[in-house]
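Q: any chance you could fold what I've pasted below:
(2 chains)
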Amino acid sequence: MVRSKKTILLISLSIAILVFVAGIMLGYTLDNLRSNEILKQLRQSELNTESYLIHEAFIDAFGGDECTSLALRVKDMQSLVAKTGLQLTDYSDKSISKNKDFDYLKRKYFLLEIKFLTLIERLKNKCDEKIVHILFFYSKDDQDSIKQGYVLTNLNEIYGNSLIVLSIDKDYLDEPLIGVLKTKYGITETSTIIINGEVKKESFTSKAELQQIIEEKIK
Amino acid sequence: MFEQVIWVVSFLSLFLGIFWINVLYLDIPERKKQNYKPGISIIIPAYNEEKTLPRTIRSISRVNYPKEKLHIIIVNDDSKDKTKQVALSLIKQYENLNIKLINRKKKPGQFTKAPALNEALQYIKTELFACIDADTIISPSSIKNLLPLFKEKETAAVISAIKIYNPKTIWEKIQRLEYILSTFIRKLMSKIETLHIAPGALSVYKTEVIKKLGGFDEDNLTEDLEIAMRLRFNNYKLKISTDSITYTNPPRTFKQLWDQRIRWFRGFIHNTKKYKKMFMNKNYGMMGLFQYPLNILTLFTVILMFILVSYELLRNILRFMTRLSVLNLSAINFNFPSIKEIILGVNIKIMFPISVSLVLALFIYYKAHQTIGERLKNPLALVTYLTVYPLIRGLHWVTALTKEVVKEKKKW
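A: Residues are numbered from 1 along each chain as shown, chains lettered A, B, ... in the order given. Here you go, the predicted model:
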């Protein structure tokens, strides 16, 4: 009788371990799928950026109506960059095995954001496009940053292609360029937003206040 | 930390769930004493039970057992209503039953039914005696079906399967599920000889053993649990007969349920401390090496999960309130993700252990219903039991533990 109880305990333990190993394997598989999805999007964005630059160079060399087509391209890239950013944050939080890979992807994404920012500036300078871009410096788990994130996501939905928000983790030390940006804009507070490279707002800025600024800029 | 704890708890639950399911299929023939019909005394402690006592006596009158071998002792435990008068009229009404009435006065500070049980115990001369609550309804074959399990000399008590009588409110329906599960688990515990509870609804004891051990603990909130653990401590066994059905009247309201559960859980904590010598003691076999540690682990796990889940729930509510405060109605987002986004967005760290626990819980409830012979019904009660009720029960445990730690005065 005692031996069969021990056997049952061992069998139960073995089955439980097998089920949990299956769960961990499922987690690994999901992590692989997620990192592949982000990589695919980043590659798409890189290709779009390269294509944009070549398009611009072509127009410079051979002439043509650059502003309309370039503006359309920026708008297409904008939605992909925003989507990639949200998914990257979400997937890296949920990852069980690919933390290093997601760190690498975060760095790639950040560089993509800055490249995208430079494209927006070039477009605005060349074509006088009424686009408002906001650099949002945030800290994870900071209440003001969380609230500001909600507001900016909502404003993105309202203003669509007229508003581009680029989110930067202020405490991300792996990319030296972040330090450069922090120095340039004098970033010390968490939840700081820089609007069109000129207007700086520290701590939480309400939706109403931001809407007023954005409306003025796109008039 | 929440994710790590939930994985550990889920793993333990899965391991134990699989273990109990294996025990269910373990082929252990039950040793039964055939044609065993000793004299039995039935003690019914009654405090303000004028309304339910007649139904209890009526159910005893219908029991399939030689009436000359049944001796009923109603203990009017200082009732403030008409319990005494009702008992006297029942004695007249059921002349064919051997019913004795003891009227006792509670001493100052006495708050449990153990003194009533002990007073009745003095009058008992039969080989066995049963304790039943004054609102219990025993089925006709309940006594007959549990007697054969007294085959082994070490078996000092046999308990019956308890069901809820006519559940109406959501709290009664939830308790119906609880009793189905607890009867199922007790049956499994009985198989591996770790059963350590003798519920007051109907338990039958060997008179000589209980008298030798000194009767019931009069200072204990749960004298039924205490006597069962004392029997185990003295190396006696308990068995359950799932063919012996007893119906009990559960608390109907949240407040009544709350009070009852605080008393039960305080009793559990107190008695677990009292008999801590059984912990990891190989002299007590599976009781000492498996069940006792499991009871303690379960207590800590329930409390820890309650704290963590409450914290996560509050955090998420706060997050939503923050979103609402900055966005007003725009906070409510009607953008539905695609199937690909849903799959890639699954948080395996939380969803896997929760899913495993849920599937296991549903399977065990299904097997419990099947084994006890109950139909699966009241889906709303089941959903509430699996989702909301664990939080309430966690709060019961935290409250009970706090009251025991601060040594709050015991009350019924």
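
Q: secondary structure element for B:Q260?
A: Using DSSP states H and E, the element containing B:Q260 is helix B:254-274.

Q: check the offset of that helix from the chain's centre.
A: 11 Å (CA atoms, centre = their mean, to the nearest Å).

Q: contacts only, for B:S244.
A: Contact analysis of B:S244 by CB atoms under 8 Å, 6 or more residues apart in numbering or on different chains lists B:139, B:141-143, B:145-146, B:158, B:160-161, B:202. Yep, even glycine has a C-beta here, placed from its N, CA and C like the rest.

Q: so it, which state does it fall into?
A: Three-state call for B:S244 (DSSP: H, G, I helix; E, B strand; the rest coil): strand.

Q: farthest-apart pair in the contacts of B:S244, please.
A: Across the contacts of B:S244, the longest distance by CB to CB is 15.0 Å; it joins B:S139 and B:V158.

Q: got the contact list for the lowest-mean-pLDDT helix or strand in chain B?
A: Ranking every helix and strand in chain B by mean pLDDT, DSSP states H and E puts helix B:339-344 at the bottom, with a mean of 84. Residues outside helix B:339-344 that contact it (CB under 8 Å, 6+ apart): A:30, A:33-34, A:37, A:87, A:91.

Q: so which elements touch whichever helix or strand B:K211 is part of?
A: Assigned by DSSP H and E, B:K211 falls within helix B:207-212. Counting by 3 or more CB pairs under 8 Å, 6 or more residues apart in numbering or on different chains; DSSP states H and E, the packing neighbours recorded for helix B:207-212 are helix B:114-121, strand B:128-132.

Q: past the last one, which element shows up next along the chain?
A: Proceeding N to C from strand B:128-132, the next assigned helix or strand is strand B:137-138, under DSSP H and E.

Q: would you list every one of the strands in the stretch 51-200 of chain B?
A: B:70-77, B:98-104, B:128-132, B:137-138, B:155-164 (DSSP state E, counting those that start in this stretch).

Q: quick one: closest of those to chain A.
A: strand B:155-164 (15.7 Å; CB to the nearest CB).

Q: that closest one: partners in the sheet, and parallel or antiparallel?
A: strand B:202-206 (antiparallel), strand B:237-248 (parallel) (DSSP bridges).

Q: just those strands: most buried one?
A: Greatest average neighbour count among the strands paired with strand B:155-164 goes to strand B:202-206 (a mean of 26), per mean count of other CB atoms under 10 Å in any protein chain shown.

Q: report the distance from that strand to the chain centre.
A: Counting by CA atoms, centre = their mean, strand B:202-206 is centred 16 Å from the centre of its parent chain.

Q: next up, phi/psi of the closest residue to B:P337 other than its chain neighbours, please.
A: Spatial nearest neighbour of B:P337, excluding adjacent residues (CB to CB, 6 or more residues apart in numbering or on different chains): B:G345 at 6.6 Å. Main-chain dihedrals, B:G345, degrees, to the nearest 10: phi -90, psi 0.

Q: re earlier: contact partners of the helix holding B:Q260?
A: Outside helix B:254-274, the residues that touch it by CB under 8 Å, 6+ apart are B:171, B:175, B:220-222, B:225-226, B:229, B:250-251, B:292, B:295-296, B:299, B:393, B:396-397, B:399-401, B:403-404, B:410-412.

Q: now the most centrally placed residue in chain B: how far from chain A?
A: In chain B, the C-alpha nearest the mean C-alpha coordinate belongs to B:S182, at 6.1 Å (CA atoms, centre = their mean). Applying CB to the nearest CB, to the nearest Å, the value for B:S182 to chain A is 21 Å.

Q: which of the contacts of helix B:254-274 count as buried?
A: For the contacts of helix B:254-274, a burial check counting by 16 or more other CB atoms under 10 Å in any protein chain shown picks out B:171, B:175, B:220-222, B:225-226, B:229, B:250-251, B:292, B:295-296, B:299, B:393, B:396-397, B:399-401, B:403-404, B:410.

Q: average pLDDT across the helix or strand containing B:L314?
A: Here B:L314 sits within helix B:292-327, counting by DSSP H and E. In this model, helix B:292-327 has an average pLDDT of 87.

Q: briefly note if that helix comes near chain A.
A: Yes. Helix B:292-327 lies within reach of chain A by CB under 8 Å from any CB of the partner chain, at B:319, B:322-323, B:325-327.

Q: related to what we said a few turns ago, can I get the helix holding B:K211 in PDB, CA atoms only?
A: Extracted in PDB, the C-alpha atoms of helix B:207-212 (Å, rounded to 0.1, in the frame of the first residue of the first chain):
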ATOM      1  CA  THR B 207     -18.200   5.300  22.500                       C
ATOM      2  CA  GLU B 208     -15.400   3.600  24.300                       C
ATOM      3  CA  VAL B 209     -12.700   5.400  22.300                       C
ATOM      4  CA  ILE B 210     -14.200   8.900  22.800                       C
ATOM      5  CA  LYS B 211     -14.700   8.300  26.500                       C
ATOM      6  CA  LYS B 212     -11.100   7.100  26.800                       C
END
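
Q: who in the stretch 101-250 of chain B is up against chain A?
A: With CB under 8 Å from any CB as the criterion, the stretch 101-250 of chain B meets chain A at residues B:I192.

Q: where does the stretch 101-250 of chain B get nearest to chain A, which residue?
A: The nearest approach of the stretch 101-250 of chain B to chain A comes at B:I192, 5.9 Å away (CB to the nearest CB).

Q: can the worst-scoring helix or strand of chain A on mean pLDDT be said to contact chain B?
A: Ranking every helix and strand in chain A by mean pLDDT, DSSP H and E puts helix A:66-94 at the bottom, with a mean of 83. Yes. Under the criterion of CB under 8 Å from any CB, chain B is reached by helix A:66-94 at A:87, A:90-91, A:94.

Q: what's the helix or strand where B:W397 lies packed up against?
A: Applying DSSP H and E as the criterion places B:W397 in helix B:389-405. When contacts are defined as 3+ CB pairs under 8 Å, 6+ apart, helix B:389-405 packs onto helix B:254-274, helix B:292-327.
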